[in-house]
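>>> I would like the atomic coordinates for the input below:
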Amino acid sequence: MSMLPAKTPEESAITLAQVVFPHDTNELGLATAGMILKTIDIAASLTAGKHTRHKVVTASLDRMDFLHPAKLWELVSTHCRPTKTWHSSLEVAVTVEAENVSQGEKRLIASGYLVFVALDDGTLKPTEIYPLRDSPLAEAAEIRKQSRLAELNENLPIEETDNPETVKRTMTPDDANIHQKVFGGAILEMIHQAAEKAAERQANGPVIAVRQDRMSFEKSAYIGEEVRAEAILTRTWHSAMELQVEVTAKDHKTGEERRVAFSYLVFIAQDATGHPKPVLPFTPTTALQQKRWEEAAMRQATRLSERPKIDG
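Numbering: from 1, shown residues only. You can find the predicted model right below:
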């Protein structure tokens, strides 16, 4: 039993606001999902740090639903609060609103959950954190945790013949904390950049993200390493596309390459007015592509059952 005093969710809640600038948008003037996710990771990690009073690292993204896009010059507010704590980890619920400040119009644009692990300041190993009390979301958070533990962290490999879209760059101090570990937000941003490129290729035009599935950070990436995100198409529906993304990090000194994370994302093709448009169907041509195509249908059924119901 913890000897630390319990805190309420309100004590650790944080709201982070920022404006959508031109460099954050696509050709339709809509904020990219990568920009939104990077902001989410920053805000949620601040919440986790405020609650634990320790350094924290992003352990996983449980899922993220993108409900509406944010537009150029809108104010994006990210609201975060802890839902449940365990010995050294905690889940943080995130909701994101966009506001047209000249009109006073607000709308919910994204929601999801992230999990963080607190590290001891000296040893940098997981450490005990303050328990949480009076959380109405604790029971649902425990169910999500059990689901994460039960889910196999496997995917079908991406091969050269899949012709993946690739985003790669060498990590700099701006991408990492004082221990040279790359922020989860930087990885999430690269995942969306690669997936967006692959989706745009299939759509032959702009796209918007509507979902990122559960993703765990398997290994850390460090300053000076080359991080590569590769994305391929797995299945199309009418205007929707599923993308598989795998992220690896390479140590230039040793040549060692390791997988950092992987995930599945869904994008919707957009016409010139910002409305959904049909995409060319994807037809599997190999046994591996056929297997991905079949598994994508099962993931889509899960997403449809989980997607929040909203007005507008």
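
>>> Show me this structure divided up by domain.
1-148, 152-312 (automatic domain parsing).

>>> How far does stretch 107-120 sit from its chain's centre?
9 Å (C-alpha atoms, centre = their mean, to the nearest Å).

>>> oh, and call the first residue 23 from now on, that's how I've got it
Noted, 23 is the first residue going forward, which turns the last one into stretch 129-142.

>>> hang on, the earlier thing: pick out the shakiest of the domains of the chain, pLDDT-wise.
Among the domains of the chain, domain 174-334 carries the lowest mean pLDDT, a mean of 91.

>>> next one: that one to chain centre, how far?
Centre-to-centre, domain 174-334 and its host chain are 10 Å apart (C-alpha atoms, centre = their mean).

>>> those strands in this protein, which residues are they?
36-41, 77-88, 97-107, 111-122, 127-141, 187-192, 229-234, 237-238, 248-258, 262-272, 279-291 (DSSP state E).

>>> Figure out which of the ones you listed is closest to S157.
Closest of the strands of the chain to S157 is strand 97-107, at 5.7 Å (criterion: C-beta to C-beta). Every C-beta, even on glycine, is put in place using the N, C-alpha and C of the backbone.

>>> The closest one pairs with which strands, and in what direction?
Using DSSP bridges, the strands paired with strand 97-107 are strand 36-41 (antiparallel), strand 111-122 (antiparallel).

>>> From the chain's centroid, how far away is it?
For strand 97-107, the distance to the chain centre is 14 Å (C-alpha atoms, centre = their mean).

>>> CA atoms of that strand as PDB?
What follows is strand 97-107, C-alpha atoms only, in PDB (Å, rounded to 0.1, in the frame of the first residue of the first chain):
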ATOM      1  CA  LEU A  97      -6.900  28.300 -31.100                       C
ATOM      2  CA  VAL A  98      -6.300  24.700 -30.200                       C
ATOM      3  CA  SER A  99      -6.800  23.900 -26.500                       C
ATOM      4  CA  THR A 100      -5.700  20.500 -25.200                       C
ATOM      5  CA  HIS A 101      -7.300  19.400 -21.900                       C
ATOM      6  CA  CYS A 102      -5.600  16.600 -19.900                       C
ATOM      7  CA  ARG A 103      -6.400  14.900 -16.600                       C
ATOM      8  CA  PRO A 104      -5.300  11.600 -15.100                       C
ATOM      9  CA  THR A 105      -7.800   8.800 -15.000                       C
ATOM     10  CA  LYS A 106      -6.000   6.100 -13.000                       C
ATOM     11  CA  THR A 107      -2.600   5.400 -11.400                       C
END
